[in-house]
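A.B. asks: using only what follows, build the 3D model:
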Amino acid sequence: MTAGISQTRRRRQRMHGVLAAAVAWSIGAAAVAPAAVAAEASPEQWYLGPMKAEEIWKVSTGKGIKVAVIDSGVHESTPSLKGQVLPGKHFTRKGTDTQTDDTNGQGTTTAELIVGTGEGGGIRGLAPGAKVIPFKVPLHKHNALPEVMEDSLYRAVKAAADSDAQIINISVGSEWAIGMSRFGETDAFKYAASKGKLVFAGTGDNAKEGNKPQRPADSPDVVGVASTGRDGKVTDFSQHGEDVDLAAPGAEIPRWCDAKFQRYCTGGGFVASTAITSASAALIWSKHPDWTPNQVLRVLYDTASRNWVTGKRDAYRGHGLVRPRDHLLEGKGSPGNPDVELSAHGVDPNPPAPATPNTPPIKPAKPTGTPALASSSKDSAATGPSPLLIGGIAAAALILAAGAFALVRRRRAAH
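C.D. replies: Model prediction:
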């Protein structure tokens with residue numbers, strides 16, 4: 001009998017544990033608003049849910065857009081990249097002109113984050129309908145002095161600008177001036193802008209090591225991208241300052257561990273955030289192929305998530321967190337004048353609509369009674385008293401009623 005009772009209690013305890021875990025998971029999941037991700041995708045891509053990728057892909061996949069990936073090369077044979085990579089060029093000292101295979105793993109990760117199909121359990125790109133063109137350059141440390149007499153990035157950017165890619169994604173950076181010719185008489189990024197290209201580069205991952213401005217993100221013709229985590233806050237390693245134009249997920253992002261391409265590790269940084277931003281631009285540009293790069297960028301700025309006044313720039317997030325879903329799913333964001341000259345740091349979101357003339361401002365009503373609990377979701381608003389508050393009031397009423405009933409009984413018994 002005792003054994004039966006113990007087993008019953010254990011079953012109840014296990015059931016309570018399962019239910020508690022389920023409730024905790026559902027509350028946590030609601031907080032980040034994840035969407036369904038394919039079961040075969042082995043690397044965890046937490047940002048696809050909050051960005052509503054599955055819904056976005058019903059509107060735009062980036063089809064018709066080509067992205068130049070200036071990185072360590074691209075290994076086009078991964079299952080997720082089959083058919084996604086176009087012929088590119090090589091700008092390192094070793095190899096032939098068209099030898100662009102990845103010898104590091106970083107460039108392939110970048111390509112998959114942009115256009116990966118997710119086949120074989122691989123990374124799913126945010127713009128799987130787009131294509132990438134690899135431009136292979138040597139990777140070096142952020143504080144290492146580049147080769148002054150032969151700037152590979154300068155030549156790669158020039159070649160990408162002369163290609164039919166609309167977007168240029170740069171995954172290298174330096175505290176030193178890079179992207180210039182040997183005497184600095186021609187700026188490759190200005191040349192790319194003059195050719196109608198939209199250029200993205202990360203602001204850097206060395207905030208704890210001096211937070212020095214990083215080239216090429218500090219160029220006026222390059223969109224500087226910072227890195228954020230699951231909580232939407234900028235990571236402690238992401239460099240900040242006046243060069244930041246946008247922010248995007250850049251923490252706990254899957255990447256190829258190395259050039260063996262056998263497994264994924266967890267990483268991130270500006271390489272990931274820049275790729276996700278480039279993919280966001282590809283989605284919007286694919287939806288509006290007749291737009292200028294300036295118009296695409298303005299919509300990215302206009303729809304970026306922020307909690308400060310539109311037009312103001314935050315040193316950590318620029319104009320805000322990139323959020324293409326607001327335009328593609330809700331039609332928000334205006335492209336503005338197509339003839340405005342492109343300048344990444346000079347483009348501003350459209351200001352909010354002015355108030356109607358002669359209309360007095362609405363004064364907020366003074367609060368009365370007990371305020372309802374605030375909604376935990378940023379994208380939703382409370383429409384009435386919180387269910388938790390209502391439940392609490394009901395419970396309190398029952399307790400008071402029970403107490404009154406007991407008091408009446410005691411008094412009757414005393415008589």
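A.B. asks: so which bits of stretch 213-222 are buried?
C.D. replies: Of the residues in stretch 213-222, those buried by neighbour count under the rule 16 or more other CB atoms under 10 Å are 214, 215, 216, 217, 218, 219, 221, 222. C-beta coordinates here come from the backbone N, C-alpha and C atoms, glycine included.
A.B. asks: need those residues in JSON lines with secondary structure and distance to residue 80, can you?
C.D. replies: Below are these laid out as JSON lines (DSSP: H, G, I helix; E, B strand; the rest coil; distance: CB to CB, whole Å):
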{"residue": "214", "secondary structure": "coil", "distance to residue 80": "29"}
{"residue": "215", "secondary structure": "strand", "distance to residue 80": "31"}
{"residue": "216", "secondary structure": "coil", "distance to residue 80": "28"}
{"residue": "217", "secondary structure": "coil", "distance to residue 80": "27"}
{"residue": "218", "secondary structure": "coil", "distance to residue 80": "33"}
{"residue": "219", "secondary structure": "coil", "distance to residue 80": "31"}
{"residue": "221", "secondary structure": "coil", "distance to residue 80": "31"}
{"residue": "222", "secondary structure": "coil", "distance to residue 80": "27"}
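A.B. asks: and the two most separated of those residues?
C.D. replies: Comparing every pair within the buried residues of stretch 213-222 by CB to CB identifies 214 and 221 as the most remote, at 14.9 Å.
A.B. asks: can I get the buried residues of stretch 213-222 in JSON lines including pLDDT and distance to residue 126?
C.D. replies: As requested, the buried residues of stretch 213-222 are exported to JSON lines (pLDDT from 0 to 100; distance: CB to CB, whole Å):
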{"residue": "214", "pLDDT": "86", "distance to residue 126": "23"}
{"residue": "215", "pLDDT": "85", "distance to residue 126": "26"}
{"residue": "216", "pLDDT": "89", "distance to residue 126": "22"}
{"residue": "217", "pLDDT": "91", "distance to residue 126": "20"}
{"residue": "218", "pLDDT": "88", "distance to residue 126": "25"}
{"residue": "219", "pLDDT": "89", "distance to residue 126": "24"}
{"residue": "221", "pLDDT": "92", "distance to residue 126": "24"}
{"residue": "222", "pLDDT": "95", "distance to residue 126": "20"}
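A.B. asks: any idea which of the residues you listed is closest to residue 131?
C.D. replies: residue 222 (21.9 Å).
A.B. asks: what's near enough to touch the closest one?
C.D. replies: Residue 222 is in contact with 170, 189, 199, 200, 201, 216, 344, counting by CB atoms under 8 Å, 6 or more residues apart in numbering.
A.B. asks: just the buried ones among these, please.
C.D. replies: When burial is judged by neighbour count using 16+ other CB under 10 Å, the buried members of these are 170, 189, 199, 200, 201, 216, 344.
A.B. asks: disregarding residues adjacent in the polypeptide, which is nearest to the first one?
C.D. replies: Spatial nearest neighbour of residue 170, chain neighbours left out: residue 201 (4.1 Å); criterion: CB to CB, 6 or more residues apart in numbering.
A.B. asks: contacts only, for that neighbour.
C.D. replies: Contacts for residue 201 (CB under 8 Å, 6+ apart) come out as 169-171, 173, 214, 216-217, 219, 222-225, 270, 274.
A.B. asks: could I get the residues you listed as JSON lines with distance to residue 205?
C.D. replies: Written out in JSON lines, the entries for the contacts of residue 201 read as follows (distance: CB to CB, whole Å):
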{"residue": "169", "distance to residue 205": "16"}
{"residue": "170", "distance to residue 205": "14"}
{"residue": "171", "distance to residue 205": "11"}
{"residue": "173", "distance to residue 205": "9"}
{"residue": "214", "distance to residue 205": "9"}
{"residue": "216", "distance to residue 205": "15"}
{"residue": "217", "distance to residue 205": "11"}
{"residue": "219", "distance to residue 205": "18"}
{"residue": "222", "distance to residue 205": "17"}
{"residue": "223", "distance to residue 205": "17"}
{"residue": "224", "distance to residue 205": "13"}
{"residue": "225", "distance to residue 205": "11"}
{"residue": "270", "distance to residue 205": "6"}
{"residue": "274", "distance to residue 205": "11"}
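A.B. asks: report pLDDT for the residue lying closest to residue 339 once chain neighbours are set aside.
C.D. replies: Closest residue in space to residue 339, ignoring its immediate chain neighbours: residue 292 at 7.9 Å, by CB to CB, 6+ apart. According to the prediction, residue 292 has pLDDT 95.
A.B. asks: repeat that for the one 4 residues further on.
C.D. replies: If you check residue 296, the pLDDT there is 96.
A.B. asks: tally of neighbours for it?
C.D. replies: By other CB atoms under 10 Å, 26 other residues sit near residue 296.
A.B. asks: my guess is residue 68 meets residue 169, correct?
C.D. replies: Yes: counting by CB atoms under 8 Å, residue 68 touches residue 169, with 6.7 Å between them.
A.B. asks: related to what we said a few turns ago, quick check, nearest of the buried residues of stretch 213-222 to residue 102?
C.D. replies: Compare each of the buried residues of stretch 213-222 with residue 102 using CB to CB and the shortest gap goes to residue 216, at 21.1 Å.
A.B. asks: contacting residues around that closest one?
C.D. replies: In this structure, residue 216 makes contact with 153, 157, 170, 173, 178, 179, 189, 199, 201, 222, judged by CB under 8 Å, 6+ apart.
A.B. asks: any idea how far it lies from residue 193?
C.D. replies: Relative to residue 193, residue 216 is positioned 12 Å away (CB to CB, to the nearest Å).
A.B. asks: quick check: neighbours shared by those two?
C.D. replies: When CB under 8 Å, 6+ apart defines a contact, the residues bordering residue 216 and residue 193 alike are residue 199.
A.B. asks: where does residue 265 sit: helix, strand or coil?
C.D. replies: What DSSP: H, G, I helix; E, B strand; the rest coil gives for residue 265 is strand.
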